[in-house]
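Chemist: Sharing a model that was predicted from the sequence below.
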Amino acid sequence: MGEAPALLVDDLQDGALNGLELENGPCKTTATVGDKTYVIGGADDGTLSVQVQNFDRNLGEWVRPTVQGTKPVACKGLSAVPLEDRILILKKGSKSDDQIWFLEVDTQYVRQQQKLLGTEVVAWSKGVIGNAEKPVVISGPSGVGKGTLISMLMKEFPSMFGFSVSHTTRAPRGMEKDGVHYHFTEKSIMEKEIKEGKFLEFASVHGNLYGTSVEAVELVADAGKRCILDIDVQGARSVRASSLEAIFIFICPPSMEELEKRLRDRGTETEEQILKRLRNAQAEIEQGKSSRIFDFILYNDKLEDCYERLKSIIVQKLLGLDGFVTAPPKSVPREIDLPMDYSVSKIDSKIIINCISSGEKESKNLIMLDVSSLKGGAPGRTRGLNFQAIDSFSTGFNGIDQLS
Ligand SMILES: Nc1nc2c(ncn2[C@@H]2O[C@H](COP(=O)(O)OP(=O)(O)O)[C@@H](O)[C@H]2O)c(=O)[nH]1
Ligand SMILES: Nc1ncnc2c1ncn2[C@@H]1O[C@H](COP(=O)(O)OP(=O)(O)O)[C@@H](O)[C@H]1O
């Protein structure tokens with residue numbers, strides 16, 4: 001049985017809200033979740049900047065929460081649909097890939113942050129249609145051949161895999177390009193960004209700081225590709241403990257002598273750095289083999305053999321295929337293009353967007369946005385949104401009352 005259309009307030013005018021005087025400034029949209037009413041938006045040069053304040057009915061006062069996550073840019077109007085632990089925000093007059101957002105008000109991430117900061121917290125997260133492919137985490141000691149294997153995979157299947165470009169405080173090697181191999185960063189900047197929650201994981205490795213930003217993984221998923229992370233064992237452990245579901249592969253050298261030979265032959269490190277990497281390798285291999293972090297352990301003896309095994313793992317585990325055929329490129333996630341004029345209502349986990357386009361002949365279309373399988377969320381994107389566009393006239397489907 002569907003519930004009645006939810007409390008939706010589109011483009012509220014300045015002033016009173018349900019009898020409550022707003023603290024200050026004009027506001028546009030409001031939504032109530034639990035005991036709190038959230039006011040989202042504020043006028044800014046004819047467009048809306050996206051600000052948040054909430055009225056706590058228990059305390060009887062306005063609160064300005066700490067706002068986390070990547071904020072949406074200004075827009076011409078907002079609609080808000082309260083869900084259980086977050087508010088769906090539809091932005092008007094925005095680009096088609098920038099129309100769906102979530103303001104998380106009581107998700108696990110928000111509760112964690114509230115505990116950590118001791119203040120009221122809300123967090124923005126951009127909504128994305130469809131799901132991300134499960135990432136692949138590859139770890140192993142320095143010089144074992146991780147980079148070589150990943151390059152082979154990306155070269156053979158450029159449309160299927162994308163590399164998560166990590167941040168590091170180490171200096172670039174001769175051929176390495178900023179933004180391609182790593183984001184080469186100052187330590188103080190990286191430490192600040194870690195504090196701001198921009199990293200999915202980070203670790204000190206061989207005396208330098210390395211980390212995977214939330215954005216690095218999201219960008220690959222945005223392109224409709226499966227993300228590959230080349231990170232150390234500490235990083236793999238952190239990802240295992242995070243909400244990111246991934247497949248974990250550890251690459252082992254055939255022997256320590258061969259590892260040393262590969263490191264020396266690569267010729268990218270000083271003698272001191274080589275010795276440090278070899279010292280750390282022993283512990284990494286022990287942890288890799290025994291820690292239960294990894295789903296698969298691969299020995300990289302003969303490169304071609306190891307590459308074939310890596311491919312077959314990925315195929316069997318991730319793609320569910322028998323032979324390694326070149327799969328068609330994943331389509332880039334679809335986008336909804338909302339017109340300026342529409343009304344919104346909610347039935348269970350379906351958001352009904354009734355689009356009204358006025359021209360010579362007025363026509364109406366319904367978009368049904370399904371929010372029942374949301375995944376991820378702040379500090380990254382919210383994925384798992386699905387939608388169906390319904391031409392109400394051609395189908396004879398004319399109103400939300402007919403939905404169940
Ligand atoms: N935790 C973590 N480790 C990383 C990250 N990026 C790279 N690493 C690891 O840091 C170690 C050193 O990497 P690098 O300096 O490129 O040297 P290489 O492994 O010898 O090529 C390797 O074990 C990488 O897997 C990251 O974002 N997070
Ligand atoms: N199976 C292999 N046999 C011999 N040399 C290898 C093999 N795999 C990788 N190499 C070489 O070993 C060196 C280190 O490989 P690299 O991919 O840079 O390791 P990592 O990224 O794990 O530090 C490179 O010069 C690479 O060409």
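Modeler: On my side now, so go ahead. Ligands and ions are numbered 1, 2, ... in the order given.
Chemist: What residues sit buried inside the longest helix along the chain?
Modeler: Criterion DSSP state H: the longest helix present in the chain is helix 271-290. By 16 or more other Cβ atoms under 10 Å, the buried positions in helix 271-290 come out as 274, 277-278, 280-281, 284-285, 287-288. Heads up, the C-betas are built off the backbone N, CA and C, glycines and all.
Chemist: Contact residues of the chain facing ligand 1?
Modeler: Proximity of the chain to ligand 1, by Cβ under 6 Å from any ligand atom, involves residues 142-143, 147, 166, 170, 201, 203, 205-206, 210-212, 230-232, 234-235.
Chemist: Narrow those residues to those in strands?
Modeler: 166, 201, 203, 205, 210-212, 230 (DSSP state E).
Chemist: does Asp265 count as helix, strand or coil?
Modeler: Of the three states, Asp265 takes helix according to DSSP: H, G, I helix; E, B strand; the rest coil.
Chemist: any idea how far Ser139 is from it?
Modeler: Asp265 sits 22 Å away from Ser139, going by Cβ to Cβ, to the nearest Å.
Chemist: Repeat that for Ser204.
Modeler: 15 Å.
Chemist: Going by residue numbers, what spans are helices in the stretch 51-200 of the chain?
Modeler: Remark: helices assigned in the stretch 51-200 of the chain by DSSP state H, counting those that start in this stretch are 108-117, 146-156, 187-195.
Chemist: Quick check: mean pLDDT of the shortest one?
Modeler: Along helix 187-195, the predicted confidence averages to a pLDDT of 96.
Chemist: which ones are touching the one residue in the chain that gets nearest to ligand 1?
Modeler: As assessed by Cβ to the nearest ligand atom, ligand 1 sits closest to Gly235 within the chain, at 2.4 Å. Counting by Cβ atoms under 8 Å, 6 or more residues apart in numbering, Gly235 touches 137, 139, 201-203, 210-212, 229.
Chemist: Same list (those) but as TSV, adding distance to ligand 2, neighbour count and pLDDT.
Modeler: Converted to TSV, the contacts of Gly235 look like this (distance: Cβ to the nearest ligand atom, whole Å; neighbours: other Cβ atoms under 10 Å; pLDDT from 0 to 100):
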residue	distance to ligand 2	neighbour count	pLDDT
Val137	14	25	98
Ser139	9	25	98
Glu201	18	26	96
Phe202	19	23	98
Ala203	15	17	98
Tyr210	12	24	98
Gly211	17	26	98
Thr212	16	27	98
Leu229	13	25	98
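Chemist: where's stretch 286-300 relative to the chain centroid, distance-wise?
Modeler: In terms of Cα atoms, centre = their mean, to the nearest Å, the centre of stretch 286-300 is set 27 Å apart from its chain centre.
Chemist: again with stretch 172-190
Modeler: 22 Å.
Chemist: repeat for stretch 77-95
Modeler: So, by Cα atoms, centre = their mean, the centroid of stretch 77-95 is 18 Å from its chain's centroid.
Chemist: So which bits of it are buried?
Modeler: Going by neighbour count (16+ other Cβ under 10 Å), the buried part of stretch 77-95 is 77-83, 85-92, 94.
Chemist: which of these lies closest to ligand 2?
Modeler: Among these, and counting by Cβ to the nearest ligand atom, the member closest to ligand 2 is Arg86, at 39.3 Å.
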